[in-house]
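A.B. asks: after the sequence you'll find the predicted model.
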Amino acid sequence: MITRFSPDAEAELAEARQWYARQRQDLDLEFMESIDEALSRIVRDPQLYPIVYGGLRRAVVRRIPFAVFYELGANEIHVIAVFHSRRDPERWHLMSVPLRSLVRYSEHAKNMLRLVP
């Protein structure tokens with residue numbers, strides 16, 4: 001199964017990795033290992049994690065306060081966001097991940113654009 005990241009998910013992941021790298025030597029590697037473990041669990045059983053809105057699923061990352069939000073496509077996993085769980089939940093009102101970047105990933109995102117002010 002192919003795993004694709006939205007541009008926003010890639011940016012969030014890079015930003016988080018840089019932050020962890022500044023905290024302690026090799027902490028960014030531990031962070032990435034945790035993310036990789038979560039992605040491996042998703043690939044092994046994509047329907048394991050709960051749907052949190054529409055077709056969007058959330059996998060909580062072990063050992064770090066992050067979650068991977070994703071949608072299932074035909075033989076693909078679309079990673080929509082890699083989100084720090086202690087961030088302001090208002091940013092995720094109605095799971096409105098920077099939706100403009102999601103339109104190419106799903107019909108669901110097009111419908112949600114009509115809901116976000």
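C.D. replies: Sure, I can see it. Numbering: from 1, shown residues only.

A.B. asks: switch to C-alpha atoms for all contacts and neighbour counts from now on
C.D. replies: Fine.

A.B. asks: and the host helix or strand of Arg41, what's buried?
C.D. replies: Using DSSP states H and E, Arg41 sits in helix 27-44. Burial within helix 27-44, assessed by neighbour count using 16 or more other Cα atoms under 10 Å, is assigned to Leu27, Asp28, Glu30, Phe31, Met32, Ser34, Ile35, Ala38, Leu39, Ile42, Val43.

A.B. asks: go on, stretch 70-77?
C.D. replies: Neighbour-count burial for stretch 70-77, counted by 16+ other Cα under 10 Å, picks out Tyr70, Glu71, Leu72, Ile77.

A.B. asks: from Tyr20, how far out is the closest residue to Trp19 other than its chain neighbours?
C.D. replies: Distances taken as Cα to Cα, 6 or more residues apart in numbering put Asp28 closest to Trp19, at 7.8 Å, once the chain neighbours are dropped. Applying Cα to Cα, to the nearest Å, the value for Asp28 to Tyr20 is 5 Å.
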